[in-house]
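J.: Starting from these lines, generate the structure:
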Amino acid sequence: MKTTLIHPCYFGPIDLYVVIAKSSNLIFEKKDNYQKQTYRTRQYIYGANGQLLLNIPIKHREDKTKAHQKYKDIKIENAFKWQRLHWRSLEAAYRTSPFFEFYEDEFAPLFENKATYLMDFNLACMQLVLDCLGLSFEFKFTDKFELNSLEYQDRRSLINSKRKPASDLEDYIQVFKPKFGFLPNLSILDLLFNKGPSSQMYLESQHLKG
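T.: This next block holds a predicted model:
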């Protein structure tokens with residue numbers, strides 16, 4: 001089985017972790033250019049009024065003459081109290097979920113300690129999620145950018161938050177499901193806080209199209 005190539009995400013959507021759970025090895029893309037409106041800076045959770053976007057603010061590049069910035073060089077704009085806002089939003093959304101308190105002490109530090117680089121923060125988020133899921137991978141990184149990778153199973157397209165969401169994920173209990181119905185492919189945190197230790201089994205049982 002080929003090693004799976006993915007982008008580091010702000011936690012990342014559930015279908016990404018379905019792919020991860022079925023992978024034998026992972027490698028993270030580290031040489032790409034930064035792109036807006038992706039799961040690099042955003043996650044979607046299930047709030048009291050339906051789907052809610054949480055977005056990490058980033059610093060604008062100082063040298064406007066450069067057409068692109070490397071993802072690994074993108075810095076977080078910590079002048080905004082975004083971490084406090086995101087954590088309060090997560091608390092409001094999932095405080096009554098079955099497993100929020102089970103994981104609370106592990107996730108809270110990510111929203112208390114300031115991070116400088118977006119990629120480093122995202123890697124920390126994903127490492128914690130993998131630990132909670134009981135999935136163990138050695139983190140490896142690309143040493144060059146290839147538009148079309150033949151060496152790896154290329155799943156970098158899953159970083160695109162504008163793509164068609166996975167429609168074949170099985171329903172599970174969500175806090176506000178009785179109000180708005182099942183919302184598929186939210187942040188992996190939605191699955192963790194609602195299904196807890198059985199999340200890994202859920203991911204491994206899913207069969208995505210495409």
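
J.: Now do the lengthiest helix in the chain: everything it contacts.
T.: With DSSP state H applied, the helix covering the greatest number of residues in the chain is identified as helix 118-133. Defining contact as CB atoms under 8 Å, 6 or more residues apart in numbering, one finds that helix 118-133 is touched by 8-12, 17, 20-21, 28, 30, 40-41, 56, 58, 71-72, 74-76, 103, 106-107, 110, 115, 136-137, 139, 188-189, 192, 199-200, 203. Using the backbone N, CA and C atoms, a C-beta is placed for each residue, glycine as well.

J.: so what secondary structure elements neighbour the next helix-or-strand element following it?
T.: Next along the chain after helix 118-133, taking DSSP states H and E as the criterion, comes strand 153-154. Contacts defined by 3 or more CB pairs under 8 Å, 6 or more residues apart in numbering; DSSP states H and E place strand 153-154 against strand 4-6.

J.: Can you name the element that comes right after the strand it packs on?
T.: Taking DSSP H and E, what comes next after strand 4-6 is helix 14-21.

J.: Check which residues of that following helix are buried.
T.: 14-21 (16 or more other CB atoms under 10 Å).

J.: Then Gln43 would be within a strand, right?
T.: Yes. When the secondary structure is assigned by DSSP: H, G, I helix; E, B strand; the rest coil, Gln43 falls within a strand.

J.: Contact partners for it?
T.: Gln43 is in contact with 9-13, 53-54, 186-187, 189, counting by CB under 8 Å, 6+ apart.

J.: Buried ones only from the contacts of helix 118-133, please, as a PyMOL command.
T.: A single PyMOL command suffices to select whichever of the contacts of helix 118-133 are buried according to 16+ other CB under 10 Å:
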select buried, resi 8+9+10+11+12+17+20+21+28+30+40+41+56+58+71+72+74+76+103+107+110+115+137+188+189+192+199+200+203
